[in-house]
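J.: have a look; sequence and predicted model below, questions after that.
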Number of protein chains: 2
Amino acid sequence: MIIKRNYVISDTQIPGKQMPHRPNDATSPRYVQVADELRAAISNGQFGEGDQLPTESMLCDRHGVSRFTVREALRRLQAEGLIRRRRGSGTIVDTGGQVLRQPLSDIGELLQYAAGSEFLFSVHGIVSLGETSAAEFRVPSGSRWVHLSGIRSISPGGPAVAVSDVFINPVLECYVAGLRPGRQTLFEQLAAAAGFRIARVEQDIRAVAAGGREAAALGVARRAPVLRIVRVYRDDDGRIVEISVSSHPGDRFTYSMHSDQA
Amino acid sequence: MIIKRNYVISDTQIPGKQMPHRPNDATSPRYVQVADELRAAISNGQFGEGDQLPTESMLCDRHGVSRFTVREALRRLQAEGLIRRRRGSGTIVDTGGQVLRQPLSDIGELLQYAAGSEFLFSVHGIVSLGETSAAEFRVPSGSRWVHLSGIRSISPGGPAVAVSDVFINPVLECYVAGLRPGRQTLFEQLAAAAGFRIARVEQDIRAVAAGGREAAALGVARRAPVLRIVRVYRDDDGRIVEISVSSHPGDRFTYSMHSDQA
DNA sequence: TGCCGGAAGTTGTCCGGACATATTGCGGAG
DNA sequence: CTCCGCAATATGTCCGGACAACTTCCGGCA
């Protein structure tokens, strides 16, 4: 009988064989763990803005991993905009004062944004998208979706930072009743409940004039400028899981992102 | 005397030693070259939407490189949103009909966007940023910048897709006179002329109401919704090279991006 | 004093190998 | 014929090593 496990402990240590520092019961890869530890160290001030991070070889020794793993971890932190790296010089903490703004350049940061706000919603049943909406979302005209709408705010009952319409793939209809308002995103809840993974998010951002319903919900004047963000969530097979259309008041919301060159 | 070169050809081929398929006079890394070839093959229809790309080991053989190099190349294509990958299953071409929109999720795609439009500008000399602007751009109040303004359009003389104010670091003032209008970005020209590299771009996106000057230049009504994009370009040392403030008409411009989970 | 060149240190590129884990297809058992 | 399980195959994780290219610093030389 064969028992599947992450790592097999053998008596004879073969040089060059993968051997975790401590047995890895958690399923997350080592480089994610290293990245998490470094991120925490930056976050709690152990490494301050402008400080030099330990060199790759030092991190290898300290965490008991190879340079591959360390570089993969550092690559993640760089993609998050927390560090800056220069050949020959080293790795420097440079967050650009990121915490104050809403950084949204990958799915992880999308979650971070959602975690800082509350989402209240109600379910409206199944709708069929007309030609205009279908073209805008690049889905077949007349396709059917479970329709929800809601309001996102920083503190419960506080001023709204967004009003949203959400359309969920009807094959997931049975899970819609289990969705709960709060700080967790809908796509996260759907993924956990139905047992799949969000592999890609596409976003379209435009400036539009507030309609009557949006203006009222956001507390702005009619025809005031609002930022409209359309997000399309896809699973591993490219199937659309969820579409969300969010409208943010122009005077209260800024979408921030960054891009680092390799 | 020591002559620096990328690779040294030795008589005795040591197994496992790096040895380029063909002598690499170009300075670009091998994985960039592989990525470029694959991107071209996708672009010219050699691999169509939904097709399966050759496996990693096939690409290793075909390009005469290691799996490390192939994976680095594929990682780039995935970041660009051209392919989708699944463990055990393979790599599939999935561009999501990207060419029709303006994808802007890294510096390379920023260049692609700029290449599809013309930028005409004029130089206004040196200005000092007031407190409001300084705070918005996160630079010291009262700092001095070379001020330019201009209009971006798809075809020369055609309708404007943006009006921009640009602020350039005064240490680069001597290069400003050499800037030329057209399809090449200003930061690209500055980097080439002054011999540095743009390492990071930060972007803030908001919806605002068009002011009188913007409305006239864009051909929209006053107080019409416009998308305001503030970009801060930094070099390797984190110094601000250029700040650009672009206003795009809401009815003619959509900012598209995507985000793929590893 | 000032400049040049080399040594040391650091990240970038690249290799070959090994094993883990997910998917797919096929054949055998029922 | 259907379903289970295994083999083949593909990508993901991880190792150790080697060399390239760039920075920084320091000492020697003019």
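T.: Structure's in. What do you need?

J.: work out for me the element the closest residue in space to residue A:54 that isn't next to it in sequence sits within.
T.: Excluding the flanking residues, the one nearest residue A:54 by CB to CB, 6 or more residues apart in numbering or on different chains is residue A:62, at 6.8 Å. For every residue, glycine as well, the C-beta is placed using N, CA and C. Secondary structure from DSSP states H and E places residue A:62 in helix A:56-63.

J.: how far out from the middle of the chain is that helix?
T.: 28 Å (CA atoms, centre = their mean, to the nearest Å).

J.: can you tell me how far the closest residue to DNA strand D within the stretch 1-150 of chain A is from residue A:55?
T.: The nearest approach of the stretch 1-150 of chain A to DNA strand D comes at residue A:88, 2.0 Å away (CB to the nearest atom of the strand). With the distance defined as CB to CB, to the nearest Å, residue A:88 ends up 11 Å from residue A:55.

J.: same thing with residue A:126?
T.: 57 Å.

J.: residue A:127 in helix, strand or coil?
T.: Three-state call for residue A:127 (DSSP: H, G, I helix; E, B strand; the rest coil): strand.

J.: show me where pLDDT drops low in chain A?
T.: For chain A, residues meeting the criterion pLDDT under 70 lie at A:1-26, A:97-106, A:108, A:262.

J.: tally of neighbours for residue A:120?
T.: 13 (other CB atoms under 10 Å in any protein chain shown).

J.: across the sheet, point out what pairs with it.
T.: When bridges are called by DSSP bridges, residue A:120 pairs up with residue A:151.

J.: contacting residues around residue A:219?
T.: A:159-160, A:249 (CB atoms under 8 Å, 6 or more residues apart in numbering or on different chains).

J.: ok, so of those, who is nearest residue B:138?
T.: Closest to residue B:138 out of those is residue A:249 (22.0 Å), distances taken as CB to CB.

J.: who does that closest one bridge with?
T.: Applying DSSP bridges, one finds that residue A:249 bridges with residue A:226.

J.: now do it: how many residues are near it, please.
T.: Neighbours of residue A:249 (other CB under 10 Å): 24.

J.: any idea how far it is from residue A:196?
T.: 33 Å.

J.: for residue A:89, same thing?
T.: 43 Å.

J.: the two: which has the busier surroundings?
T.: Neighbours per residue, other CB under 10 Å: of residue A:89 and residue A:196, the larger number sits with residue A:196, 15 against 11.

J.: give the buried residues for the helix or strand harbouring residue A:173.
T.: Following DSSP H and E, one finds residue A:173 within helix A:173-176. Neighbour-count burial for helix A:173-176, counted by 16 or more other CB atoms under 10 Å in any protein chain shown, picks out A:175-176.

J.: using CSV, list the CA coordinates for the helix or strand that that helix is followed by.
T.: Once the chain leaves helix A:173-176, the next helix or strand it forms, by DSSP H and E, is helix A:186-194. In CSV, the C-alpha atoms belonging to helix A:186-194 read as follows (Å, rounded to 0.1, in the frame of the first residue of the first chain):
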residue,chain,number,x,y,z
LEU,A,186,-17.8,36.6,-3.1
PHE,A,187,-15.5,34.9,-5.6
GLU,A,188,-13.4,33.6,-2.6
GLN,A,189,-16.5,32.2,-1.0
LEU,A,190,-17.7,30.6,-4.2
ALA,A,191,-14.2,29.1,-4.8
ALA,A,192,-14.1,27.6,-1.3
ALA,A,193,-17.6,26.3,-1.4
ALA,A,194,-17.6,24.8,-4.9
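
J.: outside of helix A:186-194, which residues touch it?
T.: With contact meaning CB under 8 Å, 6+ apart, helix A:186-194 is reached by A:111, A:114, A:119, A:121, A:148, A:166, A:168, A:172, A:175, A:178-180, A:197-198, A:233, A:241-242, A:244.

J.: can you tell if it touches DNA strand C?
T.: No. Using CB under 7 Å from any atom of the strand, helix A:186-194 never reaches DNA strand C; the gap is at least 13.6 Å.
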